[in-house]
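K.L.:
could you look at this predicted model? Sequence included:
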Amino acid sequence: MKLRYLRYMECFCSSGQFSAYNLLNGRLAAVEQNDRPDLVVNSGLVRCDKCGRCFPVENGIMDALPDALSEFKCTEALKAGCMKLGIECRKEDPRKGNPDNASNAKRSEITARDEQAEVYHTYGYSLYGRNEQKLIRNFLKFSKNDVVIELGSGTGRVSQEIIDNGFRDYVSIDFSAQSIQLFKQKLDKKTRERVFFLVGDVCALPLKSGIADKIVSAQVFEHVPGREEQRRFLGELQRLLKSDGLAAMTVYNYNLKKRLDKRISRQGFHSGRIYYENFTYRELKSLISPFFNLRILKGINCDYPFARRLKPRTQEFMESVLAATPLGSYLGDILFIGLSLRARGPRIVRRTGQIQK
Ligand SMILES: C[S@@+](CC[C@H](N)C(=O)[O-])C[C@H]1O[C@@H](n2cnc3c(N)ncnc32)[C@H](O)[C@@H]1O
Ligand SMILES: [Zn+2]
């Protein structure tokens, strides 16, 4: 992690002042940030000067989880280094003593995603991903000057779009440390150092407001448990985006096939561990449109009888026809959303998730 990425950080206490420490040969030492912005901290610590919260860095990945999800997983070497320098990590759990359902659901997903990280890329079929990537690419039109944030990168299935099309800085966030680690390993050394990897919760991020030209989030929103957390997710999206920025998301669609299949519930837990919710077109529209200009909302990856038995080119042709019509919102397996900020309109308050008119 390059020290200059600290310019994007803002602690949960709202301070933007941090001290950085490097762990080298078992010794923890403070690093002077100003004259060495390109210095890479692979192992060490970033600490908020105001509240004393610590964000450990391991393998170049920062643990930026909010207190409620943080597990204080510091290595022994880091703990020993902190003891020696008299550094005490001060975190507080805002929901202390009262573990809420949302945190429990998130913890359960973190464990499941960590376990599945190695096999995640085998899920789905190739046309499915290609459609999604093409829409993201065409809507966001990445450029070399963009600061791009990906919310829920997983093992990097759609991230290659960002890497291939160019960026100035790229912040990749997921709360599964294993998934982020695997994604990082796939990249060559030069690209790896150009990415700011965060293990974080997309509903509460220690990042400054208005930093992103582009935000991508593929198939993450449906795993955010409940309306209050979903509003927090949208609040972070609204807060992080520059006023002229663009964001693209894909979300599970409650399409006809799922509605007719009695084995599929609208909402539940995959394998009992990963929360999911299927959204209808109208539901998503009413959730999102008060806060954003909805530039595109349409169903994609249409599912209809025998679709998967057709030749790839025929499937592709059918997809282009169906997704372009309102039929797409009934057949699409997922909904594609392209949005920008509203100049005026309600804001979502960062900590409470409440709506401010
Ligand atoms: C279905 S996977 C999609 C991964 C990747 N975007 C892709 O399209 O392949 C959902 C990802 O979102 C992550 N995720 C879900 N909720 C999250 C949260 N609250 N904060 C951070 N990551 C989250 C999961 O760990 C998982 O990697
Ligand atoms: Zn702080």
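P.N.:
Arrived safely, thanks for sending. Numbers count the residues shown, from 1 in each chain. Ligands and ions are numbered 1, 2, ... in the order given.

K.L.:
the most centrally placed residue in the chain pairs with what?
P.N.:
The chain has residue 151 as the residue nearest its centroid, 1.7 Å off, counting by CA atoms, centre = their mean. On the basis of DSSP bridges, residue 151 is bridged to residue 173.

K.L.:
distance-wise, check it relative to residue 59.
P.N.:
Counting by CB to CB, to the nearest Å, the gap from residue 151 to residue 59 is 21 Å. Heads up, the C-betas are built off the backbone N, CA and C, glycines and all.

K.L.:
in what helix or strand does residue 149 lie?
P.N.:
strand 147-151 (DSSP states H and E).

K.L.:
so is that strand next to ligand 1?
P.N.:
No: judged by CB under 6 Å from any ligand atom, strand 147-151 and ligand 1 are separated, with a smallest distance of 6.9 Å.

K.L.:
equivalent analysis for stretch 256-274, please.
P.N.:
No: taking CB under 6 Å from any ligand atom as the criterion, stretch 256-274 and ligand 1 are apart, separated by no less than 8.1 Å.

K.L.:
tell me the buried residues in that stretch?
P.N.:
256-258, 269, 273-274 (16 or more other CB atoms under 10 Å).

K.L.:
and that stretch, how far from the chain's centre?
P.N.:
Put simply, stretch 256-274 sits 23 Å off its chain's centre (CA atoms, centre = their mean, to the nearest Å).

K.L.:
do stretch 113-127 as well
P.N.:
17 Å.

K.L.:
now do the end-to-end distance for it.
P.N.:
With CA to CA, to the nearest Å as the measure, the ends of stretch 113-127 fall 23 Å from one another.

K.L.:
could you pull out the buried residues of that stretch?
P.N.:
113-114, 116-117, 120, 127.

K.L.:
same deal with stretch 275-284?
P.N.:
Neighbour-count burial for stretch 275-284, counted by 16+ other CB under 10 Å, picks out 275-281, 284.

K.L.:
quick one: pLDDT of the residue nearest to the centre of the chain?
P.N.:
Looking at residue 151, its pLDDT reads 98.

K.L.:
I'd like the numbering to begin with 59 instead of 1 from here.
P.N.:
In the new count, where the first residue is 59, that last one comes out as residue 209.

K.L.:
from ligand 2, how far out is it?
P.N.:
Counting by CB to the ion, to the nearest Å, the gap from residue 209 to ligand 2 is 22 Å.

K.L.:
dump the residue contacts of that residue.
P.N.:
Taking CB atoms under 8 Å, 6 or more residues apart in numbering, we find residue 209 in contact with 231, 260, 273-275, 278, 291, 294-295.

K.L.:
can you name the residue of the stretch 309-415 of the chain nearest to ligand 2?
P.N.:
Nearest residue of the stretch 309-415 of the chain to ligand 2: residue 409, at 13.3 Å (CB to the ion).

K.L.:
near ligand 1, which residues of this protein?
P.N.:
So far as CB under 6 Å from any ligand atom goes, the chain lies against ligand 1 at 164, 167, 171, 210-212, 215-216, 232-234, 237, 259-261, 276-278, 281-282.

K.L.:
give me that answer again for 8 Å
P.N.:
Applying CB under 8 Å from any ligand atom, we find that the chain lies next to ligand 1 at 164, 167-168, 171, 175, 178, 187, 190, 208-217, 231-234, 237, 258-261, 274-278, 280-282, 287, 291, 308.
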